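Enquirer: Below is the sequence, then the predicted model.
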Amino acid sequence: MLKSARKKEQDPEGRMPLAEHLRELRNRLAKAVLAIIVVAIVAAFFYKDIIEFFTDPILKSVGCESSFAELAETGGHETCARIVLNGLLTPFTLALKVSLMAGMVLAAPVWLYQLWAFVAPGLHRSEKKYAYGFVGAGFPLFLGGGFFAYKTLPTMARVLLDFSPGGVDNQLPLDELLDLVTRMVIVFGLSFELPLLLVMLNLTGVLSGKRMLGWWRGMIMGITVFAAVATPSTDPLTMMMLAGPIWVLYFAATAFSILNDRRKARIEEAGPDDDEASDLDLTPEDVDEIEPVSANRALPEQASGDGANRDRVNGFDDVT
């Protein structure tokens with residue numbers, strides 16, 4: 001009973017003092033960090049499996065089936081590579097890095113929820129609807145971009161190693177290889193978020209579908225240049241594997257925006273429903289010239305009587 005009496009009533013508009021905001025932020029951050037640490041500890045027992053998951057496609061593409069000494073003896077000109085580790089502490093630091101990365105990714109639902117719980121009270125209902133749509137569509141798009149990056153890595157590695165001279169050993173440091181894989185997944189994943197950003201700008205009324213369609217030449221060129229810079233390999237196949245899906249997503253976002261603009265236009269032409277209030281024109285206008293108005297007496301003059309009674313109101317003289 002006392003506990004419920006001490007509990008502060010929440011503001012219906014989500015307002016709170018600055019100290020309460022900071023305390024809320026601290027609690028949310030603590031829960032997010034705790035979830036990441038717990039998942040990272042669990043992932044530490046499987047870090048070797050995680051490394052093999054990312055390196056096996058590359059090894060199958062460019063891995064050496066025989067030792068470098070055997071290749072040198074046979075005089076083969078086969079281009080291949082081996083994944084190596086340099087330094088005594090490198091295996092430990094690599095295991096720590098992989099575990100933390102796995103904790104960040106696998107604990108994403110927890111810290112994303114904490115972020116949403118901190119921001120949501122200050123959003124309106126329509127803003128919450130847009131935020132739900134953004135998160136619901138953004139996460140699958142990011143996974144799609146990461147999947148494309150994962151599939152293009154073997155082709156990219158094969159093309160890059162083809163520049164190696166014959167008889168030269170190729171050794172790939174594992175930490176540098178994992179950094180490259182991480183950058184590729186992030187770049188591909190974020191690039192797939194571009195159409196979603198355009199759709200959100202259209203829903204909020206910032207960008208129209210007609211303008212997006214007018215940009216199609218520049219967008220195709222920009223996406224192509226971005227794909228060429230983002231992919232380390234120089235082959236056009238890898239570049240097209242990144243640029244092609246983004247082109248399709250861009251035109252899909254443009255089509256959605258055009259249909260949404262037409263829907264808004266039909267709603268505006270139809271006008272408000274019977275139970276809806278019409279929009280008010282609150283644009284200020286200039287005031288016309290003020291017309292003079294003659295002052296009327298409060299009571300009409302008496303029609304009869306002498307002149308003295310004409311200036312009497314309620315039996316009293318109005319002039320002292």
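Expert: Cool, got the structure. This one's a predicted model, so the numbers in the text were calculated from it and none came from an experiment.
Enquirer: ok, now which ones touch the nearest residue to A243 once chain neighbours are set aside?
Expert: Ranked by C-beta to C-beta, 6 or more residues apart in numbering and with sequence neighbours excluded, the top spatial neighbour of A243 is A227, at 3.8 Å. Any C-beta I mention is one placed from the backbone N, CA and C, and that applies to glycine too. Neighbouring residues of A227 by C-beta atoms under 8 Å, 6 or more residues apart in numbering: S191, M239, M240, L242, A243, I246.
Enquirer: Wait, the fifth one touches V225, no?
Expert: No - counting by C-beta atoms under 8 Å, A243 sits too far from V225 to count as a contact (9.1 Å).
Enquirer: So for the two, which sits in the more crowded spot?
Expert: Neighbours were counted for A243 and for V225 using other C-beta atoms under 10 Å; A243 has more, 22 against 12.
Enquirer: Find the helix or strand that that one is a member of.
Expert: helix 236-270 (DSSP states H and E).
Enquirer: What is that helix packed up against?
Expert: Other helices and strands packing on helix 236-270, by 3 or more C-beta pairs under 8 Å, 6 or more residues apart in numbering; DSSP states H and E, are helix 125-161, helix 174-191, helix 194-203, helix 209-214, helix 216-230.
Enquirer: I'd like these as CSV, with mean pLDDT and distance to D261 appended.
Expert: CSV is the format used below for the helices and strands packed on helix 236-270 (pLDDT from 0 to 100; distance: least, C-beta to C-beta, whole Å):
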stretch, mean pLDDT, distance to D261
helix 125-161, 79, 17
helix 174-191, 85, 25
helix 194-203, 83, 7
helix 209-214, 86, 5
helix 216-230, 85, 16
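Enquirer: Which helix or strand lies directly C-terminal to the helix or strand bottoming out on mean pLDDT in the chain?
Expert: In the chain, no helix or strand scores lower on mean pLDDT, DSSP states H and E than helix 2-6, which sits at a mean of 43. In the C-terminal direction, the helix or strand that comes right after helix 2-6 (DSSP H and E) is helix 18-44.
Enquirer: Show me what that following helix is packed up against.
Expert: helix 90-106, helix 108-119.
Enquirer: And it, how far out from the chain middle?
Expert: 21 Å (C-alpha atoms, centre = their mean, to the nearest Å).
Enquirer: same thing with stretch 97-116?
Expert: For stretch 97-116 - counting by C-alpha atoms, centre = their mean - the centre lies 16 Å from the chain centre.
Enquirer: What separates the first and last residues of it, distance-wise?
Expert: 27 Å (C-alpha to C-alpha, to the nearest Å).
Enquirer: What are the contacting residues of it?
Expert: 28-29, 31-32, 35-41, 43-44, 47, 50-51, 131, 135, 175, 178, 182.
Enquirer: List only buried entries from these.
Expert: Buried by 16 or more other C-beta atoms under 10 Å: 28, 32, 35-36, 39-40, 43-44, 47, 50-51, 175, 178, out of those.
Enquirer: tell me the SS of V206?
Expert: Three-state assignment for V206 (DSSP: H, G, I helix; E, B strand; the rest coil): coil.
Enquirer: give me phi/psi at I83?
Expert: I83 adopts backbone torsions of phi -90, psi 130, taken as degrees, to the nearest 10.
Enquirer: Can you list the low-confidence ranges for the protein?
Expert: 1-16, 65-78, 123, 126-127, 166-167, 232-235, 271-283, 285-288, 290-291, 293-320 (pLDDT under 70).
Enquirer: let's see 50
Expert: Residues of the chain meeting the criterion pLDDT under 50: 1-8, 303-304, 320.
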